[in-house]
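Peer 1: I'd like to go over a predicted model; first the sequence, then the structure.
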Amino acid sequence: MALAWHLQRGALVGWLVAMVTCGAVFGSIANGISDLLGDSKQAQEIFERMGGTSGLVDAFLASLAGIYGTIVALYGVQATLRLRAEETSLHAEQLLGAPVRRLRWAASHLVFAFGGSAAILLAAGAATGFTHGLRTAAVGPAVVDMLVATAAQVPATWLVIALGVTLFGVAPKLSLAAWAIAGVALAISMFGPVLDVPQSVLDLSPFSHVPKLPGAEVVLAPLVLLSAAGAIALAAGLGAFRLRDIG
């Protein structure tokens, strides 16, 4: 863990600072989004497709939560691919030649991929809720709402990361394709509603199945299914890694 922390801390801290800063900025303008959009019906419709129809402010905040999830998935992929970088540089071979088990070594990095992504998401949500709450004189409820909204994104974010682990374990030479998975999910989630693409295309992104919070009802079924799919992908990747050659 100490070695993984040394290798991962720079990216983790950088992403954390960047996402908290973005969250604070966007949270501060959420309450005035109606004034910013003016009479643009098209822009309002885009936010409603991205964040639901419970109200423009809630739709804007929900769209922010979804965007945070897709962007933080990129951090998770970056942290996961550190495993492949250590393997190709032969550092992993030296470590695994000592009494260090493969899964223990992989887990030391995946703690940052999965735990770090969740921490960044929640921190961004808290920052958004805090600055939004300052504008509405309701800091506590605003922070709780955004923490719930960003927490709901975690299963989808973790599924993207878990698919990266699957590639690393099953087809290590194709590990970089994890960027494509995260990129496609990001493109669909951000630009799909803008272009009004068919629902069948939107459904290709795991983030399209997350409840549009705040504003919508919390539905656990899709979150459980996303979590289950992520667990299966993670188990498949780690299982394959245990059996394959290193290098």
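Peer 2: The structure has been received and is ready for your questions. Numbers count the residues shown, from 1 in each chain.
Peer 1: only C-alpha atoms for contact and neighbour calcs from this point on.
Peer 2: Will do.
Peer 1: ok, Val197 - how many residues close by?
Peer 2: 12 (other Cα atoms under 10 Å).
Peer 1: from the contact counts, what lies against the lengthiest helix in the chain?
Peer 2: Longest helix in the chain, counting residues (DSSP state H): helix 56-88. Secondary-structure packing of helix 56-88 (3 or more Cα pairs under 8 Å, 6 or more residues apart in numbering; DSSP states H and E): helix 2-30, helix 33-37, helix 41-51, helix 102-110, helix 116-136, helix 139-151, helix 154-170, helix 177-195.
Peer 1: how about the fourth one: buried residues?
Peer 2: Read that as helix 102-110. Across helix 102-110, burial judged by 16 or more other Cα atoms under 10 Å covers Arg102, Trp105, Ala106, Ala107, Ser108, His109, Leu110.
Peer 1: what's the angle between it and helix 116-136?
Peer 2: Orientation of helix 102-110 against helix 116-136 (axes from the mean of the first three to the mean of the last three Cα atoms, to 10 degrees) gives an angle of 20 degrees.
Peer 1: heads up, I number from 144, so please use that
Peer 2: From this message on, residue numbering opens at 144, which makes the last subject helix 245-253.
Peer 1: I'd like the average pLDDT over helix 245-253.
Peer 2: For helix 245-253, mean pLDDT rounds to 92.
Peer 1: ok, back up a step: in the longest helix of the chain, which residues are buried?
Peer 2: 199-227, 229-230.
Peer 1: which non-adjacent residue is nearest Asp288?
Peer 2: Pro357 (5.9 Å; Cα to Cα, 6 or more residues apart in numbering).
Peer 1: from Val291, how far out is the one you found?
Peer 2: Per Cα to Cα, to the nearest Å, Pro357 is found 8 Å from Val291.
Peer 1: comparing those two, which shows the higher neighbour count?
Peer 2: Pro357 (27 against 17).
Peer 1: low-confidence ranges, the protein, go.
Peer 2: By pLDDT under 70, the low-scoring segments of the chain are 178-183, 185-187, 189-197, 390.
Peer 1: what about Leu281, distance to Val254?
Peer 2: To be clear, residue 281 is Ala; Leu isn't right here. 34 Å.
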